[in-house]
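> I'd like to go over a predicted model; first the sequence, then the structure.
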Amino acid sequence: MKNKKTLSFERRQARSGYIFCLPFIIGFILFVGFPLIKVIGFSFHNLFVGTVTYDTEFVGLEHYNRILFVDPDFRKTVVSSIGEMLFNVPVVVMFSFFIASLLNQRFIGRTVFRAILFLPVVFASGLVTSITSGDFISNNMQNIGSLSGESNAMFAGTFTDILLEMDIGNGVVEFIEDLVSRIEDITTMAAVPSVIFLSGMQSISPSVFEASYIEGASGWDVFWKITFPMVSPLVLVNIVYCIVDSFTSATNTAITSIHNVLFVNAKYGLGSAMAIFYLAIVGVFIAVVFVLIRRLVYYYD
Amino acid sequence: MAKNKEKKLKRISRAGLARSVGGSVFNFLVLCVIAAFMVLPLLYVVSNAFKPLDEIFVYPPRLYVINPTIDNFTNLASLMSSSWIPFSRYIFNSVFITAVATFLQIIFASMAAYVLEKREFPGRKIFFKLVVTSLMFSTAVTAIPNYIIMNSLGIVNTYFALILPAAASSMGLYLMKQFMTTSIPNAVLEAARVDGANEFLIFWRIVMPLVKPAWLTLIIFAFQSIWATTGNGLIYSETMKPLNYALNQVVTGGISRTGSAAAVAFIMLLPPLTVFIISQSNILNTMASSGIKE
């Protein structure tokens, strides 16, 4: 009797699970799954797109062969975008964690700062960036950039001297200089991860903090022994988000070259193969990160 | 209850904030510097929209206006009134598409995220892995197969061509699921079930209010990405095209349209900014109270 009851409960659970997922699954299969399979198919073909229909010609692994062994550029592009990612992701994740923990404090004007933090997300909408990067205004924007670049350079000059005096190695100095010059990009990329961190920090139950303060923990202890472990699952989330963001952003060199092959050169088969190859590499990175970091993550339940 | 909690929060924060004045000032300054980087572009777009032409071309560029004018907007208005589709039609298209698509995306993503996170059923792990895999794919790559699908569904050149793909957003599902891990205690769901609530009731009356900060955040992402679509290649009838497309035509006019382009940038920024401000103020109110007492 008892056994039967649990079974029916599980059945009910499964049924409601499928019903709730159904709309998403249909959309997912139609607009994500099916196109993906199509692209994989295209990558083994040459595609001739006509006015009404398209013809395919099977070429086997030729496109992959070309990417891996013939084409001198694409491999380099992929390597450089991986380098970019390896530089960006740790910096952005740490920076956003830092911002989120600052914004999690109580201080005057916190509401305003939180709103401002989120502005780059709003600002990133297509047309605004196309205007600010397309024509005269973009030159102006770049001028602003170069103006701040000049002051940056002045600042960086003295700053670099100081760093070199400190004798901490040229590599480190270059790294720090690079960071300073990219601060604009980094703050923009950090917007979504910091919101994710912040909401994670906000959802920690106050009673946990209260208990630890009563036990005599200092703010430092609480931060590293409670706040940090509690949001550690979100570290993983954010790393994945940042890797994806860095690899698929429209300014990514690999994406732009794939885009060119697809729509400027209209070589759809080759472009699909490039995309699949690139996807495989991104996938490998994310899998590695998952395996490495999952052990360190603490799940509270 | 709420009062008690507030008091408790206050007490905790007092205990936790045993920070020196210098520390607080330092925090504040760091935030100011970061905030400056984020505000400058916005300030530039806003001030540009109100600059007379000679000021737009000033070098080095200024972040402020000396003689504010609305010429850019009147120019834009006269440009738009000469198009053979009424301007309001473009606005309606954009608002309709964005509103419906955002709504569907939030609902579908939350429903799927809820069961993926809180229910056991066969296939859920594989499905979630597929979703995560699809995150890594740039939409540009699937443009042609997407078109093939839409064509066979017969939704090319309808609003659905823009609405339906946006409704199944992998990123939305992924973010919602992560938010749900931390903010829905199983005890509440069990209590509701014991009291006889069915799944839809639990979802609508318990889960959604609990993750309000999450979907408010998602609304911002969804709104701004859908608002930015031009519908190129999917919508041919002029009467169905979104505002973004129409305004893009103005911008491509070149140097002589720089003033109007500045106004366009400002106008396009307004709706996402408004949505952002509204939902952001709600997030701030709910974030602190989304956890229950254990």
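Arrived safely, thanks for sending.
> Stretch B:168-186 vs chain A: in contact?
Yes - contact of stretch B:168-186 with chain A (CB under 8 Å from any CB of the partner chain) involves B:168, B:170, B:173, B:175, B:178-179, B:181-183, B:186. C-betas here are computed from N, CA, C, even on glycine.
> Among those, which ones are in helices?
B:170, B:173, B:175, B:178-179, B:181-183, B:186 (DSSP state H).
> Quick check on those: which are buried?
Neighbour-count burial (16 or more other CB atoms under 10 Å in any protein chain shown) applied to those gives B:170, B:173, B:175, B:178-179, B:181-183.
> The residue in the stretch 151-294 of chain B that chain A sits nearest to: what's its closest spatial neighbour, skipping adjacent residues?
The nearest approach of the stretch 151-294 of chain B to chain A comes at residue B:168, 2.6 Å away (CB to the nearest CB). Computed as CB to CB, 6 or more residues apart in numbering or on different chains, the closest residue to residue B:168 that is not its neighbour in sequence is residue A:27, at 2.6 Å.
> Show me the shaky parts of the stretch 101-250 of chain B.
For the stretch 101-250 of chain B, residues meeting the criterion pLDDT under 70 lie at B:138-141, B:182.
> For residue B:175, which non-adjacent residue is closest in space?
That would be residue B:218: by CB to CB, 6+ apart, it lies 6.1 Å from residue B:175.
> show me where the stretch 101-250 of chain A has strands.
Taking DSSP state E, counting those that start in this stretch to define them, one finds no strands in the stretch 101-250 of chain A.
> roughly how far apart are the closest residue to residue A:266 other than its chain neighbours and residue A:269?
Take residue A:266 and drop its neighbours on the chain: the residue closest to it by CB to CB, 6+ apart is residue A:49, 7.2 Å away. Going from residue A:49 to residue A:269 by CB to CB, to the nearest Å gives 11 Å.
> So which of the two has more stuff around it?
Per other CB atoms under 10 Å in any protein chain shown, whichever of residue A:49 and residue A:269 has more neighbours is residue A:269, with 24 against 11.
> Do I have it right that that one meets residue A:60?
No - the criterion here is CB atoms under 8 Å, and residue A:269 misses it with residue A:60 at 11.0 Å.
> shared neighbours of those two, anything?
Contact criterion CB atoms under 8 Å, 6 or more residues apart in numbering or on different chains; residues shared by residue A:269 and residue A:60: residue A:44.
> average pLDDT across the helix or strand containing residue A:56?
Assigned by DSSP states H and E, residue A:56 belongs to strand A:54-58. In this model, strand A:54-58 has a mean pLDDT of 76.
> mind listing what that strand pairs with, with the direction of each?
strand A:45-49 (antiparallel) (DSSP bridges).
> Residue B:149 and chain A, how far apart?
Residue B:149 sits 6 Å away from chain A, going by CB to the nearest CB, to the nearest Å.
> give the contact list for that residue.
Residue B:149 sits next to A:30-31, A:34-35 when contact means CB under 8 Å, 6+ apart.
> do residue B:234 as well
Applying CB under 8 Å, 6+ apart, the residues near residue B:234 are B:147, B:150, B:156-157, B:161-162.
> Make sure it is indeed in a helix.
No - counting by DSSP: H, G, I helix; E, B strand; the rest coil, residue B:234 is not part of a helix but coil.
> closest to residue B:21 among the contacts of residue B:234?
residue B:162 (53.1 Å; CB to CB).
> Residue A:202 and residue A:174: what is the separation?
In terms of CB to CB, residue A:202 sits 38 Å off from residue A:174.
> These two: which has the busier surroundings?
residue A:202 (22 against 12).
> is it true that the more buried one touches residue A:103?
No - applying CB under 8 Å, one finds residue A:202 not in contact with residue A:103, separated by 9.8 Å.
> Can you point out the helix or strand that includes the residue nearest to residue B:168?
Assigned by DSSP H and E, residue A:27 falls in helix A:2-28.
> I'd like the next helix or strand past that helix.
Using DSSP H and E, the next helix or strand after helix A:2-28 towards the C-terminus is helix A:34-42.
> quick one, that following helix and strand A:54-58 angle?
Helix A:34-42 and strand A:54-58 are oriented at 50 degrees to each other (axes from the mean of the first three to the mean of the last three CA atoms, to 10 degrees).
> could you give the angle of the helix or strand containing the residue nearest to residue B:175 to helix B:170-183?
Using DSSP H and E, residue B:218 maps to helix B:212-227. Angle, helix B:212-227 to helix B:170-183, by the same axes, to 10 degrees: 170 degrees.
> Any figure for the gap between residue B:179 and residue B:211?
6 Å.
> From the contact counts, what lies against the helix holding residue A:27?
helix B:87-118, helix B:124-135, helix B:160-167, helix B:199-202 (3 or more CB pairs under 8 Å, 6 or more residues apart in numbering or on different chains; DSSP states H and E).
> now, among the buried ones among the ones in helices among the residues of stretch B:168-186 next to chain A, which is nearest to residue B:238?
So of these, ranked by how close each gets to residue B:238 (CB to CB), first place is residue B:170, at 31.9 Å.
> what residues are up against that closest one?
Taking CB under 8 Å, 6+ apart as the test, what residue B:170 contacts is A:28, A:32, B:131-132, B:134-135.
> Can you tell me which of these is nearest residue A:294?
Among the contacts of residue B:170, and counting by CB to CB, the member closest to residue A:294 is residue B:132, at 13.2 Å.
> The closest one and chain A: what is the separation?
Distance, residue B:132 to chain A, using CB to the nearest CB: 7 Å.
> residues near the closest residue to that residue other than its chain neighbours, how many?
Nearest-residue entry for residue B:132: residue B:174, 6.5 Å, with adjacent residues in sequence omitted and distances by CB to CB, 6+ apart. Counted with other CB under 10 Å, the neighbours of residue B:174 add up to 21.
> ok, so what distance separates residue B:174 from residue A:28?
12 Å.
> what's the overlap in contacts for these two?
Joint contacts of residue B:174 and residue A:28 (CB under 8 Å, 6+ apart) are residue B:131.
> Go ahead and confirm residue B:51 touches residue B:262.
Yes - judged on CB under 8 Å, residue B:51 makes contact with residue B:262 at a distance of 6.9 Å.
> quick one, which of the two is more surrounded?
A direct count of neighbours by other CB under 10 Å for residue B:51 and residue B:262 places residue B:262 higher, at 29 against 24.
> Would you confirm that that one contacts residue B:72?
Yes - using CB under 8 Å, residue B:262 is in contact with residue B:72, at 5.5 Å.
> which residues do the two both contact?
By CB under 8 Å, 6+ apart, the residues touching both residue B:262 and residue B:72 are B:49, B:51.
> before we move on, the earlier item: could you list the buried residues of the helix holding residue A:27?
With burial defined by 16+ other CB under 10 Å, the residues of helix A:2-28 counted as buried are A:13-14, A:16-18, A:20-21, A:23-25, A:27-28.
> For residue A:44, give me its contacts.
So residue A:44 contacts A:58-61, A:63, A:269, A:273 (CB under 8 Å, 6+ apart).
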